[in-house]
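K.L.:
Just need the structure, nothing else, for what follows:
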Amino acid sequence: MTNESASLDAGSPHQGQASVGEAASRQRQSYRDIIKSSLLIGGSSATNVLVSIVRTKILAVLLGPGGYAIVGTYWQIVDLTRTVAQMGINSSGVRQIADALASSNEARVARTAQILRRVCVVSAIAGAVLLVGGGGLISQFSFGNDAHASHIMWLSLAAFFAILSGGQGALLQGVRRIGDLAKLTVIGGLLGTLASIVSVYFYGNAGIVPSVILTAACTTVVAWYLSRKICFAKTPLSFSEFREGASELLKLGLAFMGSAVLTQVSAYLVRIIAVRKAGLNDAGMYQAAWAIGGMYTTFILSALGTDFYPRLVSVASNHKLCNRLVNEQVLVSGLFALPGVLATIALAPLVINVFYSSEFNGAIDILRWICLGMMLRVWIYPLGYILVAKNKRCLFLTIDATWSVLSVVLAWFCLSAFGINGAGMAYFASYVCHTLFVWIAVRRITGFRWTSTNLRIAIFSSVAIGVTFVGVGTLPTAAGIVLGCLVTLVCAMLAMHILVSLSAPDRVPKFVTRLISALPFFFKRFGFVQRAAEKPSSPP
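P.N.:
I've put the predicted structure just below:
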């Protein structure tokens with residue numbers, strides 16, 4: 001019991017009991033919000049991935065390898081243009097909107113929304129001009145000739161639409177319209193896929209550019225339709241106010257852009273090192289493992305960035321609330337991620353053969369090492385958002401730059417020492433260091449500490465992952481898979497039980513309770529379920 005609760009209890013027993021009950025109720029609601037947003041955004045992201053797979057398959061059949069390569073290159077050009085022209089204002093815009101909402105100042109919220117929309121329009125125009133003016137140069141660099149220059153100029157429309165839709169999405173995220181964001185992902189993806197397939201079906205290679213433009217336009221239309229329902233008070237905006245607000249957006253936005261560029265550059269350098277050190281075939285193994293390793297956790301991290309980020313910004317000035325929210329998010333994200341990571345480690349041979357073929361079996365061990373790093377990434381990601389919520393731009397960029405350099409250096413040494421498996425080891429080792437850097441930073445800023453529940457879950461998860469990882473690496477293949485599947489099943493039941501207990505204790509299925517109670521004394525000894533569900537974690 002906290003000191004505040006004790007003082008209330010001393011004055012009035014019933015009042016103290018009511019206060020504790022209200023705190024527990026608020027925390028259950030907080031867990032419900034986290035779980036709901038994770039399921040909504042994670043589910044919509046998974047749906048979008050499936051839609052993308054279908055689109056990829058159909059376009060590959062209709063266009064053949066050559067035509068499909070052109071589609072991929074055009075989309076890379078549009079995405080790169082969007083990243084540069086946006087200058088990170090989407091992510092910084094989410095923070096500014098959420099911060100304005102937390103102030104309960106309607107005029108400030110309206111001005112911030114206006115500034116975000118206008119800056120996005122200016123960025124969209126700048127991106128379009130960049131492609132129109134540099135079409136010839138980009139064509140020469142991408143294809144070795146000027147044959148695609150006119151097509152790249154037309155792609156300026158796709159870049160324009162993509163940047164506009166990104167701004168509308170940032171507005172929806174800032175006001176925490178999570179359901180609308182899920183609709184944007186699913187409906188925009190479906191309409192864009194349909195438009196691109198129809199265009200290519202009727203016009204073949206001549207329909208490639210229209211398909212890219214239509215895909216971006218469909219997302220923009222859906223984003224505009226959903227965001228127009230957000231009503232703000234009409235507030236005049238002077239040029240000086242716009243300039244000041246735009247400057248704030250760009251300052252944090254450039255930090256986000258710098259982080260994104262550093263991540264892309266480090267990934268590119270690691271691939272080059274893999275080719276030089278291990279050869280082209282082994283580098284392909286690493287690429288295959290990387291694509292699968294991040295697939296499951298991406299759904300969780302996308303949900304985390306979509307709803308958790310604006311929620312954290314709204315309480316960023318209160319260290320106690322900020323730390324409590326981070327601990328709650330770490331608990332939910334970790335429990336969601338654990339069964340998927342364990343299953344991927346245990347079933348890596350099957351996963352590789354399903355997604356690729358037996359020729360890629362060399363990627364199995366790499367995939368398992370990457371999974372270890374991904375689990376650390378899920379645990380530490382919520383803490384990193386404290387730096388952004390607190391507007392610690394330089395520190396945020398410095399830590400990301402340190403990780404990027406470290407990941408490249410570790411890849412060089414590990415690939416030299418352990419061959420292509422060293423690339424996966426380097427990724428895991430880089431996140432061990434990154435976890436330490438971020439924890440030290442947020443500890444100094446907010447006095448962050450893990451709750452006892454999170455520490456117990458982290459210890460248990462580490463043991464479960466360690467047993468599975470060592471088991472599949474040392475036992476015969478069949479025995480290792482059986483062991484891994486058993487550990488995964490136990491952890492999945494435990495995670496489900498805790499998640500339901502945290503948000504709605506009365507809805508825990510009886511058969512699950514009986515199964516958990518029948519598990520070894522380890523769970524009873526550490527009291528995961530009882531301590532997590534019955535008493536709110538004390539804020540640091």
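K.L.:
For the rest of this, base every contact and every neighbour count on C-alpha atoms.
P.N.:
Fine.
K.L.:
and Asp33, what is it in contact with?
P.N.:
Residues near Asp33 by C-alpha atoms under 8 Å, 6 or more residues apart in numbering: none.
K.L.:
For the helix or strand that contains it, what is the distance to the chain centroid?
P.N.:
Asp33 belongs to helix 13-86 when elements are defined using DSSP states H and E. With C-alpha atoms, centre = their mean, to the nearest Å as the basis, helix 13-86 stands 7 Å off its chain's centre.
K.L.:
mean confidence score for it?
P.N.:
Average pLDDT, helix 13-86: 73.
K.L.:
Beyond it, next helix or strand please.
P.N.:
Heading C-terminal from helix 13-86 (DSSP H and E), you reach helix 89-102.
K.L.:
Report the buried residues of that following helix.
P.N.:
Using 16 or more other C-alpha atoms under 10 Å as the burial criterion, the residues of helix 89-102 that qualify are 89-102.
K.L.:
That one - contacts with which helices or strands?
P.N.:
Contact partners of helix 89-102 among helices and strands, from 3 or more C-alpha pairs under 8 Å, 6 or more residues apart in numbering; DSSP states H and E: helix 106-143, helix 149-174, helix 239-278, helix 309-314.
K.L.:
now do 6 Å
P.N.:
In terms of contacts (3 or more C-alpha pairs under 6 Å, 6 or more residues apart in numbering; DSSP states H and E), helix 89-102 is packed against helix 149-174, helix 239-278, helix 309-314.
K.L.:
Next, the angle helix 13-86 makes with the helix or strand that contains Thr488.
P.N.:
Taking DSSP H and E as the definition, Thr488 sits inside helix 477-503. Here the directions of helix 477-503 and helix 13-86 differ by 120 degrees (axes from the mean of the first three to the mean of the last three C-alpha atoms, to 10 degrees).
K.L.:
Can you list the buried residues in helix 477-503?
P.N.:
Applying 16+ other C-alpha under 10 Å to helix 477-503 flags 480-488, 491-503 as buried.
K.L.:
any chance of the helices and strands packed on helix 89-102 in a markdown table, with mean neighbour count too?
P.N.:
Below are these laid out as a markdown table (neighbours: other C-alpha atoms under 10 Å):
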| stretch | mean neighbour count |
| --- | --- |
| helix 149-174 | 25 |
| helix 239-278 | 18 |
| helix 309-314 | 25 |
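K.L.:
if we can go back for a sec, can you lay out the buried residues of helix 89-102 as CSV showing distance to Ala343?
P.N.:
Shown next, in CSV, are the buried residues of helix 89-102 (distance: C-alpha to C-alpha, whole Å):
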residue, distance to Ala343
Ile89, 37
Asn90, 34
Ser91, 32
Ser92, 36
Gly93, 37
Val94, 34
Arg95, 35
Gln96, 39
Ile97, 39
Ala98, 36
Asp99, 39
Ala100, 42
Leu101, 41
Ala102, 40
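K.L.:
quick one: which two of those residues are the most distant?
P.N.:
Based on C-alpha to C-alpha, the longest span within the buried residues of helix 89-102 runs between Ile89 and Ala102 and measures 19.4 Å.
K.L.:
Look up the closest residue to Ile208, ignoring the ones flanking it.
P.N.:
Nearest residue to Ile208 in three dimensions, chain neighbours excluded: Val200, at 6.0 Å (C-alpha to C-alpha, 6 or more residues apart in numbering).
K.L.:
so which helix or strand takes in the one you found?
P.N.:
Using DSSP H and E, Val200 sits within helix 178-203.
K.L.:
Can you tell me how far Tyr427 is from Cys371?
P.N.:
For Tyr427, the distance to Cys371 equals 9 Å [C-alpha to C-alpha, to the nearest Å].
K.L.:
Looking at those two, which one has more neighbours?
P.N.:
Cys371 (29 against 24; other C-alpha atoms under 10 Å).
K.L.:
how is this protein carved up into domains?
P.N.:
Domain assignment for the chain, taken from automatic domain parsing, gives 26-237, 238-540.
K.L.:
And the shortest one, how far out from the chain middle?
P.N.:
Translated: domain 26-237. Distance, centroid of domain 26-237 to centroid of chain: 16 Å (C-alpha atoms, centre = their mean).
K.L.:
Stretch 330-344 now?
P.N.:
Chain-centre distance of stretch 330-344: 14 Å, with C-alpha atoms, centre = their mean.
K.L.:
can you check stretch 381-391 too?
P.N.:
With C-alpha atoms, centre = their mean, you get 14 Å for stretch 381-391.
K.L.:
Please tell me I have it right and Ala98 contacts Pro310.
P.N.:
Yes - taking contacts as C-alpha atoms under 6 Å, Ala98 lies within contact range of Pro310: 5.2 Å.
K.L.:
shared neighbours, these two?
P.N.:
Gly174 (C-alpha atoms under 6 Å, 6 or more residues apart in numbering).
K.L.:
Leu376 and Val438, how far apart?
P.N.:
12 Å.
K.L.:
err, Val221, not the other one
P.N.:
Distance, Val221 to Val438, using C-alpha to C-alpha: 39 Å.
K.L.:
Kindly report the same for Ile213.
P.N.:
40 Å.
K.L.:
what about those two, which has more around it?
P.N.:
A count of neighbours by other C-alpha under 10 Å puts Ile213 above the other of Ile213 and Val438, at 24 against 21.
K.L.:
Quickly find the element holding the more buried one.
P.N.:
Using DSSP H and E, Ile213 falls within helix 208-227.
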